[in-house]
Every structure is written in C-alpha cells, then in structure tokens.
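Colleague: Sequence isn't available, so here's the structure alone:
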C-alpha cells in the first residue's frame, strides 16, 4: 500500500517557466511533509517542508502548497533553471511515530531544458 | 565536517554471501537510519536507531541486521545476500528522532548488485 504517491515519473519544462510537481497521500495521520532533491550518484538533500497547520510555505524560488482536504501537495519552482534538473521525492511523517520515520513517494524526474 | 559517509560506493556479491555496509556521521546526531531505493518505489526504511544501543525495524527489515554501538556508526549487515537485495542503499542521520521537523542528512549511497 503506497501511502505517498507521485503519479508523474517525469516532467520536462523550459528554462524560466514554472515547474509543478505533485504528490498525493492516503494516511490522514501524516502531519509533516517534505521535498527532497536528488542528483545522480548523490544522496537526497532536503529542499523544503510544510507542517499540516499551514497551506503554503515559500523559500526563494520554491513554494510548497498543501491541500489537506484533498490529501495533496505540490512543489512549485519559479523560474525553473537547468540546475534544477534532478529527481524530486515527496516525503511524509506522522507525529507519534519516531519523528524522522519518513514515507517517500516514488520520485519525479524533472528536466529543465535551456 | 564530512557529514554522512558510506562505504563501499559499489559492491558485487554472489547469492548467499554476507557483507556489511558501513555508515558513519560526524555531526553527533542521535538518529540514524537505512533506506533502500528501488526503481519506481522511492526510498523505503529498513532499520533505524534513536541512539547508541537502540535499534528498531522499519518497513522492509527482512534479510538485514543492524547494531549501534557508538553514536557515530550504524552498519547494515546482509546476512545471506539475495538478488532481491540488489538496490541502492542510503544511510541518513538527524539530531533526534523525536523532533519530526528536523532535517535528515543523507549519505552518497552504496550501490549493491547481487548475482
């Protein structure tokens, strides 16, 4: 049972345009959500997070939106740059479990074309 | 700080062989964990530790063993390798498993091929 799903394995956008990566979850106990970015042959690195008490969190070019009623979150990258080309993982955790036990989605390969 | 380091980077095993994947961190983090990444499945938690001497199972623990004798090190042992364990393995650490807003830092990964 995949509790966190990223339905788009890949996304291709032009440099300067907006990239929107989507993530859905099924476990209503999840209350903290994160996005990780992964380059080839490297480990994932933390990008941005959001608590369930918020519906938006912004950090520079990156914004995460959370729609709790739809159990959906999205990552917006504006403007997209070629260096943003990587695999993006959505992850979730639930209070009351060991706090850093993350459940990951399958990942989305983002390609930003010059 | 070196952060989270993993050795080896790449390993080929024959079915039935055993080996230990090494993980070390120099950030004095209490929480450490092991994930495996498989195509189309994201990262799945194998085992984790909330401190020296304390370990627990994650989502996919079968076929793996861990111990945590020091804060710095968290080795992952494959007891009898199987082709299904062919994967990329990531070690991660954070300050504490109880602070769920804390960032986990990942190592560069170990690519394992079991023939």
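Modeller: Structure's in. What do you need? Predicted, not measured: the structure shown is a model, and the values here were computed from it.
Colleague: Quick one: mean pLDDT over stretch A:4-21.
Modeller: Mean pLDDT, stretch A:4-21: 97.
Colleague: For burial, what's the neighbour tally of the residue lying closest to residue A:54 once chain neighbours are set aside?
Modeller: Spatially, and ignoring its direct neighbours in sequence, residue A:54 is nearest to residue A:66 (6.7 Å; CB to CB, 6 or more residues apart in numbering or on different chains). (Glycine included, C-beta is placed from N, CA and C.) By other CB atoms under 10 Å in any protein chain shown, 19 other residues sit near residue A:66.
Colleague: Sort out which residues of the strand or helix carrying residue A:66 are buried, please.
Modeller: Following DSSP states H and E, one finds residue A:66 within strand A:62-67. Residues A:62, A:63, A:64, A:65, A:66 are the ones in strand A:62-67 that count as buried (16 or more other CB atoms under 10 Å in any protein chain shown).
Colleague: I'd like to know which of those is nearest to residue B:4.
Modeller: Nearest to residue B:4 among those is residue A:62, at 23.1 Å by CB to CB.
Colleague: Which SSE is immediately downstream of the strand holding residue A:66?
Modeller: Next element after strand A:62-67 (DSSP H and E): strand A:72-77.
Colleague: Check which strands are paired with that next one and give the direction for each one.
Modeller: Under the criterion DSSP bridges, strand A:72-77 sits next to strand A:19-25 (antiparallel), strand A:62-67 (antiparallel) in its sheet.
Colleague: Next, work out how far apart residue A:86 and residue A:18 are.
Modeller: As defined by CB to CB, to the nearest Å, residue A:86 lies at a distance of 16 Å from residue A:18.
Colleague: Looking at those two, which is more packed in?
Modeller: Between residue A:86 and residue A:18, counting by other CB under 10 Å, residue A:86 is the more crowded of the two (21 against 13).
Colleague: Model confidence for the more buried one, exactly?
Modeller: Reported pLDDT for residue A:86: 97.
Colleague: wait, it sits on residue A:37?
Modeller: Yes - with contact defined as CB atoms under 8 Å, residue A:86 counts as touching residue A:37 (4.9 Å).
Colleague: For residue A:55, state which of the buried residues of strand A:62-67 is nearest.
Modeller: For the buried residues of strand A:62-67, the closest approach to residue A:55 (CB to CB) belongs to residue A:66, at 5.3 Å.
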